[in-house]
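Trainee: turn this into a structure:
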Amino acid sequence: MAATSAGRSNALPRRAPPDAVGERVVLTGMTATVTAITADGRPAEAAFRFDVPLEDASLRWLWWQDGEFRPFTPPAVGQTLEIPAAVLRWCDGRRERRCATLGQRSVSRL
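Mentor: Model (predicted):
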């Protein structure tokens, strides 16, 4: 699966993002590889490889819509899904409210 972002992503709580094409983030069950970066060095596109098929019952797919996370089905092989822009809000344990704006994204099944 590949994902691209058409908008700016503010700092979400996570480790430092990869900053070069080809850089990988390896997690249990998934590897993400940066395939494009923005002019200021942020990842703009990434390819994700999972250890199981995307339809596997061990995976749960959610997107942010109308103020809450809602389930969605990944696109079929060769198809692309447009995910609209969203503003995410959360508390970070210190009761501070934080938010991030995610631009419109495309998810393609390769």
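
Trainee: show me where the chain dips below the pLDDT cut-off.
Mentor: Where the chain drops to pLDDT under 70, the residues are 1-18, 86-104.

Trainee: switch to 90 and redo it
Mentor: Across the chain, the ranges flagged by pLDDT under 90 are 1-20, 36-47, 61-110.

Trainee: which parts of this structure are strands?
Mentor: Using DSSP state E, the strands of the chain run over residues 2-5, 24-27, 30-37, 43-50, 62-65, 68-71, 80-83, 86-91, 97-102, 105-108.

Trainee: just list whatever residues bridge to the nearest residue to T35 once chain neighbours are set aside.
Mentor: Residue nearest to T35 in three dimensions, not counting chain neighbours: E45, with 4.7 Å by Cβ to Cβ, 6 or more residues apart in numbering. All C-beta atoms are positioned from the backbone trio N, CA, C, and that covers glycine. Note on E45: beta-bridge partners by DSSP bridges are T4, A36.

Trainee: doesn't T33 make contact with E45?
Mentor: No: when contacts are counted by Cβ atoms under 8 Å, E45 is not listed as touching T33 (9.8 Å).

Trainee: which residues does T31 contact?
Mentor: By Cβ atoms under 8 Å, 6 or more residues apart in numbering, the contact list for T31 reads 24-25, 48-49.

Trainee: which one of the residues you listed is nearest to W64?
Mentor: In terms of Cβ to Cβ, no member of the contacts of T31 lies closer to W64 than F48, at 17.9 Å.
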